[in-house]
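Participant: Show me the folded form of this:
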Amino acid sequence: MANEVLIRLSFFLGTLILMTLWEILAPRRPLLISKRLRWFSNLSLVVLNTLILRAVFPLAAVGAAAIASAKGWGLFNVISLTEWQAVLLSVIALDLIIYFQHVIFHSLPTLWQLHKVHHCDRDFDVTTGLRFHPIEILLSMGIKIIAITLLGAPPTAVIIFEILLNSTSLFNHGNVGLPPSLDRLLRLFVVTPDMHRIHHSIITKETNSNFGFNLPWWDYLFGTYRAYPEKGQQEMTIGLAEYQNTLQVEQLPWMLLLPFLKISNRSQT
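Facilitator: Residues are numbered from 1 along each chain as shown. Reported below is the predicted structural model:
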């Protein structure tokens with residue numbers, strides 16, 4: 001617990017640096033928008049989100065797990081499990097909950113208006129995995145805290161889950177590619193960049209597929225998996241149709257205001 005922030009920050013920065021170098025050395029697609037503009041906005045947003053999150057939820061997810069453990073709250077604190085059984089089941093259960101959360105944010109118009117901040121990015125690279133509206137970040141943390149408390153997830157499980165979620169989000173939003181045979185193999189265990197990039201397609205049926213961030217199993221199980229984009233990885237258009245002709249989508253003030261603008265009639269179901 002004492003080193004939790006340092007551990008998570010080390011994994012975050014290490015993954016971010018590695019993915020950035022990979023994108024520079026072997027980009028999967030040419031970028032359309034100035035990287036300086038996009039990166040300034042996207043990275044500024046993650047800094048703002050971190051400050052707001054710490055102010056509203058000072059104990060955050062790991063703190064909630066520690067409290068639940070001390071109080072004996074939650075499923076895994078009342079049934080007989082070894083520590084590592086509870087850790088493994090907690091990580092899997094939390095990933096499933098995040099999958100359903102993602103589906104719901106696409107399904108309900110008010111929540112979609114928040115989540116559009118993530119999807120209206122017209123390029124797709126490692127910083128897209130950091131681009132979320134502060135209100136969505138707060139709602140997501142609230143959902144995680146409730147889930148952790150009900151599950152009785154051990155603090156160790158929550159630390160592992162948060163590291164996995166952050167690292168895989170940076171990985172699968174990377175502007176990188178893998179050899180097809182390796183990509184097919186990895187898709188059995190983790191969401192790959194080519195798999196998740198489809199989720200950022202301008203085509204609505206593709207936007208509403210491949211919801212997983214970490215484990216791909218839920219997309220297979222619930223019928224939301226799509227193997228290939230209709231126009232191919234190189235020709236597919238990234239973003240949302242209503243925001244293709246403006247640079248506003250890459251500017252921080254506009255991203256913060258987007259949820260309060262007129263709600264689009266574009267169906268997400």
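Participant: This protein: helices as residue ranges?
Facilitator: Along the chain, the segments classed as helices by DSSP state H run 4-25, 35-56, 60-71, 83-107, 109-119, 134-151, 155-172, 180-186, 193-197, 204-207, 217-221, 232-235, 252-257.
Participant: Format those as TSV; extra columns: distance to Q244.
Facilitator: The way it works is simple: take the backbone N, C-alpha and C, and place the C-beta from them, glycine included. Formatted as TSV, the helices of the chain follow (distance: least, Cβ to Cβ, whole Å):
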stretch	distance to Q244
helix 4-25	23
helix 35-56	15
helix 60-71	36
helix 83-107	19
helix 109-119	12
helix 134-151	22
helix 155-172	23
helix 180-186	28
helix 193-197	17
helix 204-207	14
helix 217-221	26
helix 232-235	15
helix 252-257	15
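Participant: Is it correct that H106 is in contact with N210?
Facilitator: No: contact between H106 and N210 fails when scored by Cβ atoms under 8 Å: they sit 11.3 Å apart.
Participant: Settle it for me: which of these two has more neighbours?
Facilitator: N210 (27 against 20; other Cβ atoms under 10 Å).
Participant: The closest residue in space to the more buried one that isn't next to it in sequence: neighbour count?
Facilitator: Spatial nearest neighbour of N210, excluding adjacent residues (Cβ to Cβ, 6 or more residues apart in numbering): H199 at 4.3 Å. Residues near H199, counting by other Cβ under 10 Å, number 26.
Participant: pLDDT weak spots in the stretch 101-250 of the chain?
Facilitator: Within the stretch 101-250 of the chain, not a single segment meets pLDDT under 70.
Participant: among the helices of the chain, which is the most enclosed?
Facilitator: helix 193-197 (a mean of 23; mean count of other Cβ atoms under 10 Å).
Participant: How far off centre is that one?
Facilitator: With Cα atoms, centre = their mean, to the nearest Å as the basis, helix 193-197 stands 12 Å off its chain's centre.
Participant: Show me what it is packed up against.
Facilitator: helix 155-172 (3 or more Cβ pairs under 8 Å, 6 or more residues apart in numbering; DSSP states H and E).
Participant: residues in contact with the helix it packs on?
Facilitator: 1, 4, 7-8, 11-12, 15-16, 19, 61-62, 64-66, 69, 83, 86-88, 90-91, 94-95, 98, 126, 129-130, 148, 153, 190-193, 195-196, 213-214 (Cβ atoms under 8 Å, 6 or more residues apart in numbering).
Participant: what's the angle from it to helix 134-151?
Facilitator: Counting by axes from the mean of the first three to the mean of the last three Cα atoms, to 10 degrees, helix 155-172 points 140 degrees away from the direction of helix 134-151.
Participant: Can I get helix 155-172 as PDB, trimmed to CA atoms?
Facilitator: Provided in PDB are the C-alpha atoms of helix 155-172 (Å, rounded to 0.1, in the frame of the first residue of the first chain):
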ATOM      1  CA  PRO A 155      -5.900  -4.400  -2.200                       C
ATOM      2  CA  THR A 156      -3.300  -6.500  -4.100                       C
ATOM      3  CA  ALA A 157      -5.900  -7.400  -6.700                       C
ATOM      4  CA  VAL A 158      -6.900  -3.800  -7.200                       C
ATOM      5  CA  ILE A 159      -3.300  -2.700  -7.600                       C
ATOM      6  CA  ILE A 160      -2.700  -5.400 -10.200                       C
ATOM      7  CA  PHE A 161      -6.000  -4.600 -12.000                       C
ATOM      8  CA  GLU A 162      -5.200  -0.900 -12.100                       C
ATOM      9  CA  ILE A 163      -1.700  -1.500 -13.500                       C
ATOM     10  CA  LEU A 164      -3.100  -3.900 -16.100                       C
ATOM     11  CA  LEU A 165      -6.000  -1.600 -17.100                       C
ATOM     12  CA  ASN A 166      -3.700   1.400 -17.500                       C
ATOM     13  CA  SER A 167      -0.900  -0.500 -19.300                       C
ATOM     14  CA  THR A 168      -3.200  -2.300 -21.700                       C
ATOM     15  CA  SER A 169      -5.100   0.900 -22.500                       C
ATOM     16  CA  LEU A 170      -1.800   2.500 -23.600                       C
ATOM     17  CA  PHE A 171      -0.800  -0.600 -25.500                       C
ATOM     18  CA  ASN A 172      -4.100  -1.200 -27.400                       C
END
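Participant: Sounds good, over and out.
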